[in-house]
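Student: no FASTA, just this:
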Ligand SMILES: Cc1cc2nc3c(=O)[nH]c(=O)nc-3n(C[C@H](O)[C@H](O)[C@H](O)COP(=O)(O)OP(=O)(O)OC[C@H]3O[C@@H](n4cnc5c(N)ncnc54)[C@H](O)[C@@H]3O)c2cc1C
(Lines give C-alpha, C1' and ligand atoms only; values in the text may rest on other atoms or scores of the structure.)
Protein backbone atom coordinates (compact mmCIF):
# COMPACT_ATOMS: atom_id res chain seq x y z
CA UNK A 1 0.00 0.00 0.00
CA UNK A 2 1.26 3.48 -1.01
CA UNK A 3 1.49 5.96 1.81
CA UNK A 4 2.48 9.62 1.38
CA UNK A 5 3.91 11.71 4.09
CA UNK A 6 3.26 15.43 4.38
CA UNK A 7 6.73 15.98 3.10
CA UNK A 8 6.02 13.95 -0.07
CA UNK A 9 2.83 15.90 -0.73
CA UNK A 10 4.69 19.18 -0.39
CA UNK A 11 7.47 18.18 -2.77
CA UNK A 12 4.88 16.81 -5.23
CA UNK A 13 3.01 20.10 -5.11
CA UNK A 14 6.12 22.16 -5.65
CA UNK A 15 7.11 19.93 -8.61
CA UNK A 16 3.66 20.47 -10.16
CA UNK A 17 3.78 24.23 -9.64
CA UNK A 18 7.30 24.39 -11.10
CA UNK A 19 6.03 22.48 -14.13
CA UNK A 20 3.04 24.81 -14.43
CA UNK A 21 5.34 27.78 -14.16
CA UNK A 22 7.58 26.32 -16.87
CA UNK A 23 4.52 25.88 -19.14
CA UNK A 24 3.41 29.40 -18.42
CA UNK A 25 6.84 30.82 -19.19
CA UNK A 26 7.04 28.77 -22.36
CA UNK A 27 3.58 29.92 -23.48
CA UNK A 28 4.46 33.53 -22.67
CA UNK A 29 7.72 33.21 -24.60
CA UNK A 30 5.84 31.70 -27.56
CA UNK A 31 3.30 34.52 -27.48
CA UNK A 32 6.06 37.15 -27.33
CA UNK A 33 7.92 35.42 -30.15
CA UNK A 34 4.73 35.23 -32.21
CA UNK A 35 3.90 38.90 -31.62
CA UNK A 36 7.48 39.97 -32.41
CA UNK A 37 7.63 37.86 -35.57
CA UNK A 38 4.22 39.13 -36.69
CA UNK A 39 5.10 42.77 -36.13
CA UNK A 40 8.48 42.23 -37.84
CA UNK A 41 6.79 40.59 -40.83
CA UNK A 42 4.20 43.39 -40.88
CA UNK A 43 6.95 45.97 -40.73
CA UNK A 44 8.77 44.24 -43.58
CA UNK A 45 5.53 44.07 -45.53
CA UNK A 46 4.90 47.78 -44.91
CA UNK A 47 8.43 48.63 -45.95
CA UNK A 48 8.03 46.71 -49.16
CA UNK A 49 4.42 47.67 -49.91
CA UNK A 50 4.29 49.59 -53.16
CA UNK A 51 1.62 51.18 -55.32
CA UNK A 52 1.32 52.97 -58.64
CA UNK A 53 -0.25 56.43 -58.50
CA UNK A 54 -2.29 57.52 -61.52
CA UNK A 55 -3.20 61.23 -61.71
CA UNK A 56 -5.81 62.58 -64.07
CA UNK A 57 -5.36 66.29 -64.74
CA UNK A 58 -2.21 68.36 -64.39
CA UNK A 59 -3.76 71.51 -62.94
CA UNK A 60 -2.54 72.92 -59.60
CA UNK A 61 -4.05 69.97 -57.73
CA UNK A 62 -2.80 67.25 -60.09
CA UNK A 63 0.77 68.55 -60.17
CA UNK A 64 0.89 69.17 -56.40
CA UNK A 65 -0.39 65.58 -55.89
CA UNK A 66 2.42 64.41 -58.15
CA UNK A 67 5.04 66.12 -55.98
CA UNK A 68 3.50 64.60 -52.83
CA UNK A 69 3.33 61.11 -54.37
CA UNK A 70 6.92 61.30 -55.63
CA UNK A 71 8.13 61.81 -52.05
CA UNK A 72 6.20 58.85 -50.67
CA UNK A 73 8.44 55.78 -50.21
CA UNK A 74 5.52 53.47 -51.03
CA UNK A 75 4.99 54.88 -54.53
CA UNK A 76 6.99 53.07 -57.19
CA UNK A 77 5.54 54.65 -60.31
CA UNK A 78 3.46 57.67 -61.31
CA UNK A 79 1.34 58.01 -64.44
CA UNK A 80 -0.30 61.33 -65.39
CA UNK A 81 -2.97 61.96 -68.02
CA UNK A 82 -3.46 65.59 -69.09
CA UNK A 83 -5.56 66.56 -72.07
CA UNK A 84 -3.90 69.95 -72.61
CA UNK A 85 -0.40 70.58 -73.95
CA UNK A 86 2.44 71.81 -71.75
CA UNK A 87 2.28 75.15 -73.59
CA UNK A 88 -1.43 75.50 -72.88
CA UNK A 89 -0.82 74.78 -69.18
CA UNK A 90 1.97 77.33 -68.74
CA UNK A 91 -0.08 79.91 -70.62
CA UNK A 92 -3.11 79.52 -68.35
CA UNK A 93 -3.75 83.16 -67.71
CA UNK A 94 -5.95 83.67 -64.68
CA UNK A 95 -4.51 84.52 -61.34
CA UNK A 96 -4.32 82.25 -58.33
CA UNK A 97 -3.83 83.37 -54.77
CA UNK A 98 -2.53 81.20 -51.93
CA UNK A 99 -3.49 81.95 -48.34
CA UNK A 100 -0.98 81.68 -45.47
CA UNK A 101 -1.76 78.02 -44.60
CA UNK A 102 -1.48 76.92 -48.22
CA UNK A 103 1.82 78.78 -48.61
CA UNK A 104 3.20 76.93 -45.56
CA UNK A 105 1.96 73.60 -46.92
CA UNK A 106 3.58 74.23 -50.31
CA UNK A 107 6.81 75.40 -48.67
CA UNK A 108 6.85 72.01 -46.91
CA UNK A 109 6.94 70.49 -50.41
CA UNK A 110 9.96 72.68 -51.24
CA UNK A 111 8.00 75.15 -53.33
CA UNK A 112 10.30 78.15 -53.29
CA UNK A 113 8.15 81.27 -53.45
CA UNK A 114 11.26 83.44 -53.62
CA UNK A 115 12.00 81.93 -57.01
CA UNK A 116 8.52 82.22 -58.45
CA UNK A 117 7.16 85.26 -60.25
CA UNK A 118 4.43 86.79 -58.11
CA UNK A 119 4.23 88.76 -54.89
CA UNK A 120 3.16 88.59 -51.25
CA UNK A 121 0.71 91.00 -49.74
CA UNK A 122 -0.81 90.54 -46.27
CA UNK A 123 0.45 86.92 -46.14
CA UNK A 124 -1.25 86.02 -49.43
CA UNK A 125 0.87 85.03 -52.43
CA UNK A 126 -0.45 86.14 -55.82
CA UNK A 127 0.69 84.65 -59.09
CA UNK A 128 -0.59 83.54 -62.47
CA UNK A 129 -1.80 79.94 -62.65
CA UNK A 130 0.53 79.20 -65.61
CA UNK A 131 3.54 80.41 -63.60
CA UNK A 132 2.73 78.03 -60.74
CA UNK A 133 2.17 75.13 -63.15
CA UNK A 134 5.41 75.88 -65.00
CA UNK A 135 7.29 75.96 -61.69
CA UNK A 136 5.94 72.50 -60.78
CA UNK A 137 6.50 71.10 -64.29
CA UNK A 138 10.15 72.21 -64.08
CA UNK A 139 10.54 70.16 -60.91
CA UNK A 140 9.42 66.95 -62.61
CA UNK A 141 12.72 65.85 -64.17
CA UNK A 142 14.10 65.63 -60.63
CA UNK A 143 11.36 63.44 -59.11
CA UNK A 144 12.90 60.26 -57.68
CA UNK A 145 10.19 57.91 -59.05
CA UNK A 146 9.63 56.66 -62.64
CA UNK A 147 7.16 59.08 -64.18
CA UNK A 148 4.99 58.58 -67.26
CA UNK A 149 3.65 62.04 -68.14
CA UNK A 150 1.04 61.64 -70.86
CA UNK A 151 0.42 65.19 -72.08
CA UNK A 152 -2.30 65.88 -74.66
CA UNK A 153 -3.91 62.61 -73.65
CA UNK A 154 -7.52 62.85 -72.63
CA UNK A 155 -8.65 60.36 -70.02
CA UNK A 156 -11.66 58.63 -71.55
CA UNK A 157 -13.74 55.52 -70.93
CA UNK A 158 -11.28 53.55 -73.07
CA UNK A 159 -8.42 54.57 -70.77
CA UNK A 160 -10.12 53.14 -67.69
CA UNK A 161 -9.19 49.61 -68.70
CA UNK A 162 -5.61 50.70 -69.37
CA UNK A 163 -5.39 51.88 -65.74
CA UNK A 164 -7.21 48.88 -64.29
CA UNK A 165 -4.77 46.48 -65.90
CA UNK A 166 -1.65 48.19 -64.53
CA UNK A 167 0.23 45.73 -62.35
CA UNK A 168 -0.22 45.72 -58.55
CA UNK A 169 -2.05 48.15 -56.32
CA UNK A 170 -3.16 51.44 -57.84
CA UNK A 171 -4.25 54.74 -56.31
CA UNK A 172 -6.02 56.82 -58.95
CA UNK A 173 -6.50 60.53 -58.23
CA UNK A 174 -9.17 62.31 -60.26
CA UNK A 175 -7.85 65.91 -60.33
CA UNK A 176 -9.59 67.01 -63.52
CA UNK A 177 -11.38 70.05 -62.12
CA UNK A 178 -15.00 71.05 -61.60
CA UNK A 179 -16.18 69.81 -65.00
CA UNK A 180 -14.09 66.62 -64.97
CA UNK A 181 -15.57 63.23 -65.79
CA UNK A 182 -12.76 60.98 -64.55
CA UNK A 183 -14.22 60.23 -61.11
CA UNK A 184 -17.50 59.08 -62.70
CA UNK A 185 -15.73 57.03 -65.39
CA UNK A 186 -13.71 55.32 -62.66
CA UNK A 187 -16.80 54.33 -60.71
CA UNK A 188 -17.40 57.06 -58.10
CA UNK A 189 -20.97 58.22 -57.74
CA UNK A 190 -21.66 61.45 -59.63
CA UNK A 191 -23.95 62.85 -56.96
CA UNK A 192 -23.06 66.17 -55.35
CA UNK A 193 -24.35 67.52 -52.08
CA UNK A 194 -25.43 71.13 -52.47
CA UNK A 195 -24.92 73.27 -49.41
CA UNK A 196 -26.15 76.81 -49.23
CA UNK A 197 -23.51 79.25 -47.95
CA UNK A 198 -26.30 81.45 -46.56
CA UNK A 199 -25.37 84.26 -48.89
CA UNK A 200 -26.37 85.66 -52.27
CA UNK A 201 -23.86 86.73 -54.85
CA UNK A 202 -23.14 87.81 -58.39
CA UNK A 203 -19.90 87.78 -60.33
CA UNK A 204 -18.45 89.66 -63.26
CA UNK A 205 -15.35 88.99 -65.34
CA UNK A 206 -13.53 91.11 -67.88
CA UNK A 207 -10.84 90.36 -70.40
CA UNK A 208 -8.86 93.49 -71.16
CA UNK A 209 -6.89 92.28 -74.15
CA UNK A 210 -4.76 95.45 -74.24
CA UNK A 211 -3.28 94.61 -70.81
CA UNK A 212 -0.66 92.02 -69.92
CA UNK A 213 -1.24 89.44 -67.16
CA UNK A 214 0.29 91.07 -64.12
CA UNK A 215 -1.05 89.58 -60.85
CA UNK A 216 -2.69 92.21 -58.65
CA UNK A 217 -3.53 92.11 -54.96
CA UNK A 218 -7.19 91.61 -54.20
CA UNK A 219 -9.28 94.50 -52.89
CA UNK A 220 -12.29 94.14 -50.62
CA UNK A 221 -14.93 96.74 -49.85
CA UNK A 222 -17.71 96.36 -47.33
CA UNK A 223 -21.05 97.98 -46.61
CA UNK A 224 -21.96 98.89 -50.19
CA UNK A 225 -25.57 99.99 -50.73
CA UNK A 226 -26.81 100.78 -54.22
CA UNK A 227 -29.43 103.36 -55.06
CA UNK A 228 -31.64 101.59 -57.58
CA UNK A 229 -34.56 104.03 -57.46
CA UNK A 230 -34.08 104.62 -61.22
CA UNK A 231 -35.04 100.96 -61.77
CA UNK A 232 -38.09 101.29 -59.53
CA UNK A 233 -36.40 99.42 -56.66
CA UNK A 234 -36.93 100.71 -53.16
CA UNK A 235 -33.72 100.59 -51.12
CA UNK A 236 -34.95 102.40 -48.02
CA UNK A 237 -35.02 99.20 -45.93
CA UNK A 238 -31.27 98.71 -46.57
CA UNK A 239 -30.16 101.87 -44.81
CA UNK A 240 -29.47 100.14 -41.48
CA UNK A 241 -28.24 96.87 -42.99
CA UNK A 242 -24.59 95.97 -43.38
CA UNK A 243 -24.79 96.02 -47.20
CA UNK A 244 -22.83 94.22 -49.90
CA UNK A 245 -19.19 93.15 -49.94
CA UNK A 246 -17.25 93.54 -53.15
CA UNK A 247 -14.08 91.67 -53.95
CA UNK A 248 -12.03 92.81 -56.90
CA UNK A 249 -9.32 90.35 -57.93
CA UNK A 250 -7.45 88.71 -60.79
CA UNK A 251 -4.60 89.86 -62.99
CA UNK A 252 -4.41 93.21 -64.73
CA UNK A 253 -5.82 91.54 -67.86
CA UNK A 254 -8.42 89.15 -66.39
CA UNK A 255 -10.32 91.12 -63.73
CA UNK A 256 -13.06 89.56 -61.59
CA UNK A 257 -15.64 91.11 -59.32
CA UNK A 258 -17.54 89.12 -56.71
CA UNK A 259 -20.44 90.82 -55.04
CA UNK A 260 -21.95 89.08 -52.01
CA UNK A 261 -24.38 89.69 -49.20
CA UNK A 262 -25.53 87.44 -46.34
CA UNK A 263 -29.04 86.12 -47.05
CA UNK A 264 -31.64 88.73 -46.24
CA UNK A 265 -35.22 89.44 -47.16
CA UNK A 266 -34.81 93.17 -47.74
CA UNK A 267 -36.64 94.63 -50.75
CA UNK A 268 -33.36 95.46 -52.46
CA UNK A 269 -32.00 91.91 -52.16
CA UNK A 270 -35.33 90.38 -53.16
CA UNK A 271 -35.53 92.54 -56.25
CA UNK A 272 -31.94 91.89 -57.27
CA UNK A 273 -32.62 88.15 -56.95
CA UNK A 274 -35.87 88.08 -58.81
CA UNK A 275 -35.70 90.79 -61.46
CA UNK A 276 -33.61 89.87 -64.43
CA UNK A 277 -32.40 93.26 -65.58
CA UNK A 278 -29.05 93.04 -67.35
CA UNK A 279 -28.57 96.78 -67.65
CA UNK A 280 -29.13 97.22 -63.90
CA UNK A 281 -26.54 94.58 -63.00
CA UNK A 282 -24.11 95.92 -65.58
CA UNK A 283 -24.41 99.39 -64.10
CA UNK A 284 -23.88 98.03 -60.59
CA UNK A 285 -20.65 96.32 -61.67
CA UNK A 286 -19.45 99.36 -63.64
CA UNK A 287 -20.11 101.59 -60.62
CA UNK A 288 -18.35 99.10 -58.31
CA UNK A 289 -15.31 98.90 -60.54
CA UNK A 290 -15.01 102.62 -61.12
CA UNK A 291 -15.20 103.48 -57.45
CA UNK A 292 -12.92 100.62 -56.23
CA UNK A 293 -10.38 100.21 -59.05
CA UNK A 294 -6.67 100.62 -58.46
CA UNK A 295 -5.25 104.02 -59.37
CA UNK A 296 -3.32 102.38 -62.25
CA UNK A 297 -6.55 101.12 -63.87
CA UNK A 298 -8.62 103.13 -66.28
CA UNK A 299 -12.35 103.66 -65.72
CA UNK A 300 -14.89 101.38 -67.37
CA UNK A 301 -17.44 102.87 -69.71
CA UNK A 302 -20.73 101.35 -70.69
CA UNK A 303 -19.89 100.75 -74.35
CA UNK A 304 -16.76 98.78 -73.44
CA UNK A 305 -18.55 96.84 -70.68
CA UNK A 306 -21.38 95.98 -73.06
CA UNK A 307 -18.90 94.18 -75.31
CA UNK A 308 -16.32 92.84 -72.91
CA UNK A 309 -17.84 92.21 -69.49
CA UNK A 310 -19.56 88.94 -68.59
CA UNK A 311 -21.69 89.00 -65.47
CA UNK A 312 -24.49 87.27 -63.58
CA UNK A 313 -27.74 88.98 -64.55
CA UNK A 314 -29.10 88.69 -61.00
CA UNK A 315 -28.14 87.58 -57.49
CA UNK A 316 -27.99 83.82 -56.98
CA UNK A 317 -27.75 81.54 -53.98
CA UNK A 318 -24.05 80.84 -53.28
CA UNK A 319 -23.55 77.11 -52.87
CA UNK A 320 -20.76 74.74 -52.08
CA UNK A 321 -20.92 71.51 -54.07
CA UNK A 322 -19.38 68.49 -52.37
CA UNK A 323 -19.09 65.14 -54.17
CA UNK A 324 -20.95 62.59 -52.06
CA UNK A 325 -18.44 59.83 -52.72
CA UNK A 326 -14.82 61.01 -52.84
CA UNK A 327 -13.09 57.66 -52.34
CA UNK A 328 -13.72 54.02 -53.26
CA UNK A 329 -11.82 50.74 -53.53
CA UNK A 330 -12.33 48.28 -56.38
CA UNK A 331 -11.13 44.86 -55.30
CA UNK A 332 -11.06 43.18 -58.72
CA UNK A 333 -8.64 45.81 -60.05
CA UNK A 334 -6.93 46.34 -56.64
CA UNK A 335 -7.50 50.04 -57.16
CA UNK A 336 -8.33 52.98 -54.88
CA UNK A 337 -9.99 55.96 -56.57
CA UNK A 338 -10.03 59.43 -54.93
CA UNK A 339 -11.48 62.69 -56.20
CA UNK A 340 -9.29 65.67 -55.34
CA UNK A 341 -9.42 69.43 -55.83
CA UNK A 342 -12.33 70.95 -57.68
CA UNK A 343 -13.32 67.48 -58.87
CA UNK A 344 -14.28 66.87 -55.22
CA UNK A 345 -15.71 70.21 -54.16
CA UNK A 346 -16.21 73.74 -55.47
CA UNK A 347 -18.34 76.85 -55.12
CA UNK A 348 -20.70 78.10 -57.82
CA UNK A 349 -19.14 81.51 -57.07
CA UNK A 350 -15.60 82.77 -57.51
CA UNK A 351 -13.96 83.78 -54.27
CA UNK A 352 -10.49 84.45 -55.67
CA UNK A 353 -9.08 82.00 -53.15
CA UNK A 354 -10.79 79.01 -54.76
CA UNK A 355 -7.51 77.24 -55.34
CA UNK A 356 -6.94 76.96 -51.61
CA UNK A 357 -10.06 74.90 -51.13
CA UNK A 358 -8.96 72.75 -54.06
CA UNK A 359 -5.55 72.10 -52.46
CA UNK A 360 -6.82 71.47 -48.91
CA UNK A 361 -7.58 67.77 -49.50
CA UNK A 362 -3.93 67.17 -50.40
CA UNK A 363 -2.81 67.83 -46.85
CA UNK A 364 -3.76 64.24 -45.96
CA UNK A 365 -2.69 62.69 -49.27
CA UNK A 366 0.66 61.46 -47.96
CA UNK A 367 -1.06 59.50 -45.16
CA UNK A 368 -3.72 58.21 -47.54
CA UNK A 369 -1.08 56.88 -49.98
CA UNK A 370 0.72 55.12 -47.15
CA UNK A 371 -2.47 53.54 -45.82
CA UNK A 372 -3.60 52.54 -49.30
CA UNK A 373 -0.25 51.00 -50.26
CA UNK A 374 0.12 49.07 -46.99
CA UNK A 375 -3.44 47.85 -46.48
CA UNK A 376 -3.70 44.06 -46.37
CA UNK A 377 -7.04 43.29 -44.84
CA UNK A 378 -10.55 44.51 -45.50
CA UNK A 379 -10.28 46.47 -42.25
CA UNK A 380 -7.12 48.29 -43.51
CA UNK A 381 -8.83 49.16 -46.79
CA UNK A 382 -11.86 50.49 -44.92
CA UNK A 383 -9.65 52.51 -42.56
CA UNK A 384 -7.89 54.21 -45.48
CA UNK A 385 -11.22 55.06 -47.11
CA UNK A 386 -12.82 56.28 -43.89
CA UNK A 387 -9.83 58.54 -43.22
CA UNK A 388 -10.06 60.12 -46.68
CA UNK A 389 -13.87 60.41 -46.66
CA UNK A 390 -13.82 62.07 -43.21
CA UNK A 391 -11.14 64.49 -44.29
CA UNK A 392 -13.10 65.40 -47.39
CA UNK A 393 -16.33 65.95 -45.46
CA UNK A 394 -14.39 67.96 -42.83
CA UNK A 395 -13.03 70.37 -45.46
CA UNK A 396 -16.52 71.18 -46.68
CA UNK A 397 -17.73 71.60 -43.12
CA UNK A 398 -14.98 74.10 -42.35
CA UNK A 399 -15.63 75.97 -45.60
CA UNK A 400 -19.32 76.11 -44.91
CA UNK A 401 -18.76 77.68 -41.53
CA UNK A 402 -15.69 79.81 -42.32
CA UNK A 403 -14.89 79.76 -46.03
CA UNK A 404 -17.09 82.47 -47.40
CA UNK A 405 -16.86 84.71 -44.35
CA UNK A 406 -13.06 84.49 -44.56
CA UNK A 407 -12.61 84.89 -48.28
CA UNK A 408 -15.33 87.45 -48.93
CA UNK A 409 -16.94 88.98 -45.89
CA UNK A 410 -14.05 89.30 -43.46
CA UNK A 411 -12.43 92.70 -43.14
CA UNK A 412 -9.07 91.10 -42.32
CA UNK A 413 -6.99 88.72 -44.40
CA UNK A 414 -5.92 85.36 -42.96
C1 LIG B 1 -11.73 81.87 -64.94
C2 LIG B 1 -11.18 81.46 -63.61
C3 LIG B 1 -10.61 82.42 -62.76
C4 LIG B 1 -10.07 82.04 -61.52
N5 LIG B 1 -9.50 83.00 -60.75
C6 LIG B 1 -8.90 82.63 -59.60
C7 LIG B 1 -8.19 83.59 -58.80
O8 LIG B 1 -8.10 84.76 -59.16
N9 LIG B 1 -7.63 83.18 -57.67
C10 LIG B 1 -7.69 81.87 -57.26
O11 LIG B 1 -7.12 81.53 -56.22
N12 LIG B 1 -8.35 80.95 -57.99
C13 LIG B 1 -8.96 81.29 -59.14
N14 LIG B 1 -9.62 80.36 -59.88
C15 LIG B 1 -9.76 79.02 -59.34
C16 LIG B 1 -8.58 78.12 -59.59
O17 LIG B 1 -8.13 78.22 -60.91
C18 LIG B 1 -9.05 76.69 -59.30
O19 LIG B 1 -9.44 76.64 -57.96
C20 LIG B 1 -7.97 75.67 -59.54
O21 LIG B 1 -7.48 75.77 -60.86
C22 LIG B 1 -8.51 74.27 -59.29
O23 LIG B 1 -7.49 73.34 -59.53
P24 LIG B 1 -7.75 71.85 -60.03
O25 LIG B 1 -6.39 71.30 -60.30
O26 LIG B 1 -8.67 71.15 -59.11
O27 LIG B 1 -8.56 71.97 -61.40
P28 LIG B 1 -8.16 72.62 -62.77
O29 LIG B 1 -7.25 73.78 -62.58
O30 LIG B 1 -9.44 72.85 -63.49
O31 LIG B 1 -7.29 71.50 -63.52
C32 LIG B 1 -7.87 70.35 -64.11
C33 LIG B 1 -6.92 69.82 -65.18
O34 LIG B 1 -7.44 68.58 -65.63
C35 LIG B 1 -7.35 68.54 -67.05
N36 LIG B 1 -8.42 67.63 -67.53
C37 LIG B 1 -9.76 67.82 -67.47
N38 LIG B 1 -10.41 66.75 -67.98
C39 LIG B 1 -9.43 65.87 -68.35
C40 LIG B 1 -9.45 64.59 -68.96
N41 LIG B 1 -10.60 63.96 -69.26
N42 LIG B 1 -8.28 63.98 -69.23
C43 LIG B 1 -7.10 64.56 -68.92
N44 LIG B 1 -7.02 65.78 -68.35
C45 LIG B 1 -8.17 66.42 -68.08
C46 LIG B 1 -7.54 69.98 -67.50
O47 LIG B 1 -6.96 70.19 -68.79
C48 LIG B 1 -6.80 70.72 -66.39
O49 LIG B 1 -5.45 70.93 -66.70
C50 LIG B 1 -10.16 80.71 -61.10
C51 LIG B 1 -10.76 79.75 -61.93
C52 LIG B 1 -11.26 80.13 -63.18
C53 LIG B 1 -11.89 79.07 -64.07
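Tutor: The structure has been received and is ready for your questions. Predicted, not measured: the structure shown is a model, and the values here were computed from it.
Student: ok, which residues in the protein are in contact with the ligand?
Tutor: Residues of the chain found near the ligand (C-beta under 6 Å from any ligand atom) are 56-62, 81-84, 94-97, 129, 154-155, 175-177, 180-182, 249-250, 341-342, 350, 352-355, 358. Just so you know, the C-beta spots here come from the backbone N, C-alpha and C atoms, and that holds for glycine as well.
Student: Let's see the PyMOL selection covering just the buried ones among these.
Tutor: The buried residues among these can be selected in PyMOL (16 or more other C-beta atoms under 10 Å) with this line:
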select buried, resi 56+57+58+59+60+61+62+81+82+83+84+94+95+96+97+129+155+175+176+177+180+181+182+249+250+341+342+350+352+353+354+355+358
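Student: So which of the residues of the chain next to the ligand sit within helices?
Tutor: Of the residues of the chain next to the ligand, the ones assigned to helices by DSSP state H are 60-62, 129, 182, 354-355, 358.
Student: Is the residue nearest to residue 320 when sequence neighbours are not counted in a helix, a strand, or coil?
Tutor: With sequence-adjacent residues excluded and distances taken as C-beta to C-beta, 6 or more residues apart in numbering, residue 320 is closest to residue 195, at 4.7 Å. At residue 195 the chain is in strand, as set by DSSP: H, G, I helix; E, B strand; the rest coil.
Student: Residue 134: what's it in contact with?
Tutor: Contact analysis of residue 134 by C-beta atoms under 8 Å, 6 or more residues apart in numbering lists 89-90.
Student: Which pLDDT value does the model give it?
Tutor: Looking at residue 134, its pLDDT reads 98.
Student: helix, strand or coil for it?
Tutor: Residue 134 - assigned by three-state DSSP - is helix.
Student: Next one: it from residue 117, what distance?
Tutor: 9 Å (C-beta to C-beta, to the nearest Å).
Student: and what of residue 102?
Tutor: 18 Å.
Student: Tell me which of those two has more neighbours.
Tutor: residue 102 (24 against 13; other C-beta atoms under 10 Å).
Student: need the contact list for the residue most central in space within the chain.
Tutor: For the chain, residue 358 is the residue whose C-alpha lies nearest the centre (C-alpha atoms, centre = their mean; 2.7 Å). Counting by C-beta under 8 Å, 6+ apart, residue 358 touches 60-61, 340-342, 345-346.
Student: The residues you listed: which two are farthest apart?
Tutor: Pairwise distances across these peak at 14.5 Å for 60 and 345 (criterion: C-beta to C-beta).
Student: Give me the nearest residue to the closest residue to the ligand within the stretch 251-400 of the chain, chain neighbours excluded.
Tutor: For the stretch 251-400 of the chain, the residue closest to the ligand is residue 341, as judged by C-beta to the nearest ligand atom, at 2.6 Å. Distances taken as C-beta to C-beta, 6+ apart place residue 61 nearest to residue 341, at 3.0 Å, with adjacent residues excluded.
Student: Look up how far residue 28 lies from that neighbour.
Tutor: 52 Å.
Student: Please apply the same query to residue 147.
Tutor: In terms of C-beta to C-beta, residue 147 sits 50 Å off from residue 28.
Student: who has more neighbours, those two?
Tutor: residue 147 (16 against 10).
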